[in-house]
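[1] starting from these lines, generate the structure:
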Amino acid sequence: MNQYESQLMREDFVRSGFEECGAGDAPDLFIINSCTVTDNADKDVRYSIRRARRMIPGVRIVVTGCYAENDEAEIAALPGVTKIVKNADKSRIASILNDTRSTINDTRIISDFKNHTKAFVKIQGGCENFCSYCKVPYVRGPFRSRPLREIVEETGLLVSKGFKEIILTGICLGAWGIEKKKNVCEVVTALQAVNGDFRIRLSSIEPKYVTDELIGLMASDENICRHLHIPLQSGDDRILARMNRPYGRDDFRTLVEKIRSDVEGAAITTDVIIGFPGEEEENFRNTFDLIGKIMPARTHIFTYSRRKGTAAFDMNGTCSKEVLKKRFLELEGAASSASFLFRRQFLGKALNILVETRRDRASGLLTGYSDNYIKVIFRGPDSLMNTIASVNIEDVALNTTTGRYDGN
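    Prediction:
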């Protein structure tokens, strides 16, 4: 979401007569688009402010984004910060900062996605789920669905610029249309009519929004990526209840099995939080066990971060650093094994890879992702960059997948 909104701000500045600085240039303005999902995210923002002030003495530092939403006083007190812009004003940030112009540009559509092979399209904002650990509903507000007309228009523009993959994103993606009793399937269906050679991927989506209709769309149209990122957070029913997550471990496993049954080769990626208040060894073991059963293609593991203002902030029963480190390493091993087992299914098979515009740093080979979110490295010419190439999977290791391009 922040990548999308950063691009929206970038284009707003350029339309207003500003010039984006390149490497080695000394800017007049330094814009930090902040996140606040974890304590580490807040620390990163403070580090960026200090670094900008040290590297570019006298630069005007402007902070926007989620950290700036509820912690304005804390940020304003940091040396070098000259302006704070709230989330609601991001799309007209240039007009707010430009003292010599009064023009307000209300354009809400991006026309490019700088330095990316894939383009994000925001379809929705806000969240009303109020998971007990999460600060996002407090800084992003209630559900707000973007007009379908805008989504279609923006997608068409990005596809005309040569983007081969459009990733639909939102603060709570699956809640699009909920205000008018519609659902995200309407967006996916509308985008199928956009002219051009491209595929559609959904970003993170909560389990309750993965409906039979959505699974059916994935199964019936090869241009919809066979991949869903569905946050698990815990594989233990007691911890899920404390997190205010509206499902149990068996519900989640049944959903994954349904997707894989209906959509051949579908990838599930997920998020897991370890060390949530009250998590005992038995609760962690249930999470460890479930990861082995659902076999995610990738698992993002987070250690619990206390966020002031959330329901979990005052909960007792946090883990020691030693226990957290042990559990992290154990779960990381289980996640790597699950990823390996998932990817191994595709040995000897051809996958359609969207080739990145930069080669893999370690190997120097071409690299890209399949529609079911397998990262593949393979030999080939630069002319394949930013195209979708058919690649045969030749080798699957614990951390890498290698393919062969035959020129088809």
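[2] which residues of the stretch 251-400 of the chain fall in helices?
    Secondary structure of the stretch 251-400 of the chain, counting by DSSP state H, counting those that start in this stretch: helices at 281-294, 321-344.
[3] over to the stretch 101-250 of the chain?
    With DSSP H, counting those that start in this stretch as the criterion, the stretch 101-250 of the chain has helices spanning 136-140, 148-160, 185-191, 212-220, 237-242, 249-262.
[4] could I get those helices as TSV with distance to residue 226, mean neighbour count and mean pLDDT?
    To be clear about C-beta, it is placed using only N, CA and C from the backbone, and glycine gets the same treatment. Below are the helices of the stretch 101-250 of the chain laid out as TSV (distance: least, C-beta to C-beta, whole Å; neighbours: other C-beta atoms under 10 Å; pLDDT from 0 to 100):
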stretch	distance to residue 226	mean neighbour count	mean pLDDT
helix 136-140	27	20	94
helix 148-160	20	17	97
helix 185-191	13	19	97
helix 212-220	6	16	97
helix 237-242	26	19	98
helix 249-262	9	16	98
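[5] out of the ones you listed, the one nearest residue 115 is which?
    helix 148-160 (14.2 Å; C-beta to C-beta).
[6] which strands and helices lie in contact with that closest one?
    Using 3 or more C-beta pairs under 8 Å, 6 or more residues apart in numbering; DSSP states H and E, the elements in contact with helix 148-160 are strand 119-125, strand 165-170, helix 185-191.
[7] picking up where we left off before, closest one to residue 369 among the helices of the stretch 101-250 of the chain?
    helix 212-220 (16.4 Å).
[8] identify the residues contacting the closest one?
    183-185, 188-189, 224-226, 228, 258-259, 262-264, 266 (C-beta atoms under 8 Å, 6 or more residues apart in numbering).
[9] which two in those are spaced the farthest apart?
    183 and 264, at 23.8 Å, using C-beta to C-beta across those.
[10] which one of these two has more residues nearby?
    residue 183 (17 against 9; other C-beta atoms under 10 Å).
[11] count the neighbours of the spatially closest residue to that one that is not a sequence neighbour for me.
    Ranked by C-beta to C-beta, 6 or more residues apart in numbering and with sequence neighbours excluded, the top spatial neighbour of residue 183 is residue 177, at 5.3 Å. By other C-beta under 10 Å, 19 other residues sit near residue 177.
[12] ditto for residue 314
    Neighbour number of residue 314 under other C-beta under 10 Å is 9.
[13] so how far is residue 165 from it?
    43 Å (C-beta to C-beta, to the nearest Å).
[14] cool, residue 29 as well?
    For residue 29 relative to residue 165 (C-beta to C-beta), the value is 31 Å.
[15] comparing those two, which residue is more hemmed in?
    More crowded of residue 29 and residue 165, by other C-beta under 10 Å: residue 165, with 21 against 17.
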